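S.K.: Sequence and predicted structure are below.
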Amino acid sequence: MSHVSDLIATDIEQYLHQHERKSLLRFITCGSVDDGKSTLIGRLLYESKMLFEDQLAAVEADSRKWGTQGGDIDFALLVDGLAAEREQGITIDVAYRFFSTDRRKFIVADTPGHEQYTRNMVTGASTADVAVILIDARKGVLTQTRRHSYLVSLIGIRKVVLAINKMDLMDYSEKVFRQIEDDYRAFAQKIGLAEITAMPLSALKGDNMLEPSTRMGWYHGPTLMGYLETVELDETRQQAGVLRMPVQWVNRPNLDFRGFAGTIAGGTVRPGDRVRAQPSGRESRVARIVTADGDLPLAVAGQSITLTLEDEIDISRGDLISAAAAPAEVADQFEATIVWMADEPLLPGRPYLLKLGTRTVNATVTEPKYKVNVNTLEHLAAKKLDLNEIGVCNVALDRVVAFDAYTANRETGGFILIDRLTNHTVGAGMLHFALRRAHNIHLQPVDIDKAARAQSLGQKPAVLWFTGLSGAGKSTIANLVEKKLHAMGKHCYLLDGDNIRHGLNRDLGFTEADRVENVRRVAEVARLMADAGLIVLTAFISPFRAERAMARALVSEGEFIEIHVDTPLEVAETRDVKGLYRKARRGELVNFTGIDSPYEAPESPELRIDTVHQSALACADQVIACMNARGLLG
């Protein structure tokens, strides 16, 4: 009995070892509604024997309830996991499924076909090596087919299976197949897709899925499973490139060991190889390649390792270790394609967090150069990007980063944009190249700094940021505070919203995008004035929290005082000496804060002022007291 148990244990161990060493292929399926994506994946799962008995029983029951194949198994129900999908017969979310054969492991992403779910498709495609684009043999190449192909090209998937499905409904006609193949290849050439394998299928009947179809003897290419089991992985191409390893963690368990942990994003590395830490540019040689299973003589793309170096050089999380002979580029301004994924639009000038590899930096995006009509590939003028829109923009960062063009390396050229307040991912981007000015424009060092300027003025610099609705009393109170500071011998300057719009910002309107740019310019001017040692007062509605957070981040800790002039809308309207609220109520003024444009009240300002129960003079005294309490006037 013990001998039998040992044999079973040995067999299991051998199976697990064999399974562990199999390569992993990630692929996506995409196509128009009802092209048979979910049926195709369900067939692959069923034929690869990856279903447990209870799963099979469940799908048989679901087939009787939701199915479209009479009493037969509806393979699509193995993948369409959401109740809404089953009821409508469409795919909404990205559905990931794992299966395995004797030759390879697979993760397939079934991506939605509708235009409103573009962000879902981009998410599913971001890690894929192969795209299976389905076409209904009855319908041929559709607008959605072109859109999906463009997105596949954009994301950088190089290998495409053109799966012409439902051939059983076209009597397995070679003429139909060849016509669709020719139409698609003509379009694919325009968007740079070259590695295309076309195959005629019937996912429902199983033709050319695992075994060659006896009903299409005219086709001599691979079956779908045969192709998926043998196609070269993108990882193989990455391993042939140059070394790139984003540093995930600096491992220092004791004084005698300092290693840099991360996953290799490209190329190979051996002990003795000369490497460069970026963006610093310092170079050294690899001493050891450390793993949990011992040191390695060679590590390749896709492996998680720890590198130790021969020299003590400064490397931190977010840095990039590159081959010294072929380093990545370093810059802080780029051109990029951005896929917008948030309900709120991308607004030029608004600050976001940008995550590239393991590094997170502050970023702003310029007005789009153009957006792309993903159905026609036209370039259209755009002031902003809305949900699911794709545009080409310039991106500016607050520090330099190391990067590659996305076409060269998806790991070191792809990024996400994150909302600074909610931490939600709002966009995904692909870097094209560094802007020329990123290399030609440098900060000029000066000998006199902010501290020296403030000392000569005998004061501490500060930015007093008054925010509130129109009519709240911001300018009135700020003017009184400036008079009090001037009387105390302080050097100060008031930047008032109306006054600035007569000069510096006279080219801006009142759209959300223009309001963002209005505050960005004022924040930069305030930063320069604070750098000169002045006390700066700004009186602007500044309706959005993100821009006020950006203004705060521009100056040193403790120098920014956010003052919420908290006046209810109904009270502000009674003070409407300019008649602006009345015009807004009549529809003569659009995008007016508080009426048809939002005001995001500060959540934790340094000072909240109640102008309903206090006079303007008392409010000004409150501001002075706040400055005193923070040591800004001492």
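M.R.: Good, I have the coordinates.

S.K.: so residue 368 sits right up against residue 393, yeah?
M.R.: Yes. Proximity of residue 368 to residue 393 meets the contact threshold set by CB atoms under 8 Å, at 4.9 Å. Glycine gets a C-beta too; all of them are placed from N, C-alpha and C.

S.K.: Now do the shared contacts for the two.
M.R.: Residues touching both residue 368 and residue 393 (CB atoms under 8 Å, 6 or more residues apart in numbering): 338, 346, 348, 385.

S.K.: Lowest-confidence one in those?
M.R.: Minimum pLDDT for the shared contacts of residue 368 and residue 393 is recorded at residue 348 (87).

S.K.: Surely that one is in contact with residue 385?
M.R.: No. In this structure, residue 348 is not within contact of residue 385 by CB under 8 Å, at 9.5 Å.

S.K.: shared neighbours of the two, anything?
M.R.: Joint contacts of residue 348 and residue 385 (CB under 8 Å, 6+ apart) are 368, 393.

S.K.: Would you map the strands across the stretch 301-450 of the chain?
M.R.: Along the stretch 301-450 of the chain, the segments classed as strands by DSSP state E, counting those that start in this stretch run 304-309, 320-323, 329-340, 351-356, 359-365, 370-372, 379-380, 390-403, 414-418, 425-434.

S.K.: One more: the stretch 51-200 of the chain?
M.R.: Going by DSSP E, counting those that start in this stretch, the stretch 51-200 of the chain shows strands at 95-100, 104-110, 130-136, 159-165, 195-200.

S.K.: CSV for these, including mean pLDDT and mean neighbour count?
M.R.: Shown next, in CSV, are these (pLDDT from 0 to 100; neighbours: other CB atoms under 10 Å):
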stretch, mean pLDDT, mean neighbour count
strand 95-100, 80, 16
strand 104-110, 86, 21
strand 130-136, 93, 26
strand 159-165, 95, 24
strand 195-200, 95, 20
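
S.K.: Output those strands as TSV; include the columns distance to residue 279.
M.R.: Formatted as TSV, those follow (distance: least, CB to CB, whole Å):
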stretch	distance to residue 279
strand 95-100	35
strand 104-110	34
strand 130-136	34
strand 159-165	33
strand 195-200	34
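
S.K.: Of the strands of the stretch 301-450 of the chain, which stretch is the most buried?
M.R.: Stretch with highest mean neighbour count among those: strand 320-323 (a mean of 26; mean count of other CB atoms under 10 Å).

S.K.: which residues sit against that strand?
M.R.: 242-247, 260, 262, 267, 273-279, 307, 315, 328, 357, 402, 412.

S.K.: low-scoring stretches of the stretch 151-300 of the chain, by residue?
M.R.: Scanning the stretch 151-300 of the chain for pLDDT under 70 picks out 235-236.

S.K.: gap between the residue nearest the centre of the chain and residue 339?
M.R.: The chain has residue 416 as the residue nearest its centroid, 2.1 Å off, counting by CA atoms, centre = their mean. Applying CB to CB, to the nearest Å, the value for residue 416 to residue 339 is 10 Å.

S.K.: what sits in contact with each of the two?
M.R.: 427, 428, 429.

S.K.: How about the first one: what's its closest non-neighbour residue?
M.R.: Computed as CB to CB, 6 or more residues apart in numbering, the closest residue to residue 427 that is not its neighbour in sequence is residue 417, at 3.8 Å.

S.K.: so what's the one you found up against?
M.R.: 338, 346, 352, 353, 354, 363, 365, 425, 426, 427, 428, 429.

S.K.: What are the boundaries of the helices in the stretch 151-300 of the chain?
M.R.: If DSSP state H, counting those that start in this stretch is used as the criterion, the helices of the stretch 151-300 of the chain fall at 174-190, 224-230, 234-239.

S.K.: Would you reformat the ones you listed as a markdown table and include mean neighbour count and distance to residue 110?
M.R.: What follows is those, written out as a markdown table (neighbours: other CB atoms under 10 Å; distance: least, CB to CB, whole Å):
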| stretch | mean neighbour count | distance to residue 110 |
| --- | --- | --- |
| helix 174-190 | 16 | 21 |
| helix 224-230 | 18 | 15 |
| helix 234-239 | 17 | 20 |
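
S.K.: Columns distance to residue 433 on top of these, output as CSV?
M.R.: Shown next, in CSV, are these (distance: least, CB to CB, whole Å):
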stretch, distance to residue 433
helix 174-190, 22
helix 224-230, 34
helix 234-239, 20
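
S.K.: Mind checking these for the one nearest to residue 529?
M.R.: helix 234-239 (49.0 Å; CB to CB).

S.K.: returning to that earlier point: just put the shared contacts of residue 416 and residue 339 in JSON lines and tack on distance to residue 47 and pLDDT.
M.R.: As requested, these are arranged in JSON lines below (distance: CB to CB, whole Å; pLDDT from 0 to 100):
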{"residue": "427", "distance to residue 47": "39", "pLDDT": "92"}
{"residue": "428", "distance to residue 47": "34", "pLDDT": "91"}
{"residue": "429", "distance to residue 47": "38", "pLDDT": "92"}
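
S.K.: Can you pull the phi/psi pair for the residue nearest to residue 616 when sequence neighbours are not counted?
M.R.: Spatially, and ignoring its direct neighbours in sequence, residue 616 is nearest to residue 476 (5.0 Å; CB to CB, 6+ apart). Main-chain dihedrals, residue 476, degrees, to the nearest 10: phi -60, psi -50.

S.K.: just to revisit the earlier point, from the shared contacts of residue 368 and residue 393, which single one is nearest residue 227?
M.R.: Out of the shared contacts of residue 368 and residue 393, the member with the shortest distance to residue 227 (by CB to CB) is residue 338, at 32.7 Å.

S.K.: The closest one: what's it in contact with?
M.R.: 346, 365, 368, 385, 390-393, 395, 417, 427-429.

S.K.: repeat for residue 401
M.R.: Residue 401 sits in contact with 279, 330, 331, 332, 356, 359, 361, where contact means CB under 8 Å, 6+ apart.

S.K.: Now tabulate those in CSV and tack on distance to residue 578.
M.R.: Below are the contacts of residue 401 laid out as CSV (distance: CB to CB, whole Å):
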residue, distance to residue 578
279, 50
330, 50
331, 46
332, 42
356, 46
359, 47
361, 41
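
S.K.: Can you tell me which of those residues is nearest residue 211?
M.R.: Closest approach between the contacts of residue 401 and residue 211, by CB to CB: residue 356, at 45.0 Å.

S.K.: Below-threshold pLDDT in this structure: ranges please.
M.R.: 1-21, 33, 49-93, 113-117, 235-236, 437-444.

S.K.: Distance-wise, check the residue nearest to residue 535 when sequence neighbours are not counted relative to residue 479.
M.R.: Once flanking residues are discounted, residue 535 sits nearest to residue 492: 4.1 Å by CB to CB, 6+ apart. As judged by CB to CB, residue 492 and residue 479 stand 11 Å apart.

S.K.: And those two? Which one has more around it.
M.R.: Shown here are residue 492 and residue 479; by other CB atoms under 10 Å, residue 492 has more neighbours (20 against 16).

S.K.: quick one: the more buried one and residue 330, what's the gap?
M.R.: Distance of residue 492 to residue 330, computed by CB to CB: 40 Å.

S.K.: How about residue 134?
M.R.: 42 Å.

S.K.: Between the contacts of residue 417, which sits nearest residue 142?
M.R.: residue 428 (25.0 Å).

S.K.: nearest spatial neighbour of that closest one, skipping sequence neighbours?
M.R.: Per CB to CB, 6+ apart, closest to residue 428 is residue 339, 4.9 Å.

S.K.: ok, that neighbour - contacts?
M.R.: So residue 339 contacts 118, 119, 122, 154, 388, 389, 390, 427, 428, 429 (CB under 8 Å, 6+ apart).

S.K.: Brilliant, that's me finished.
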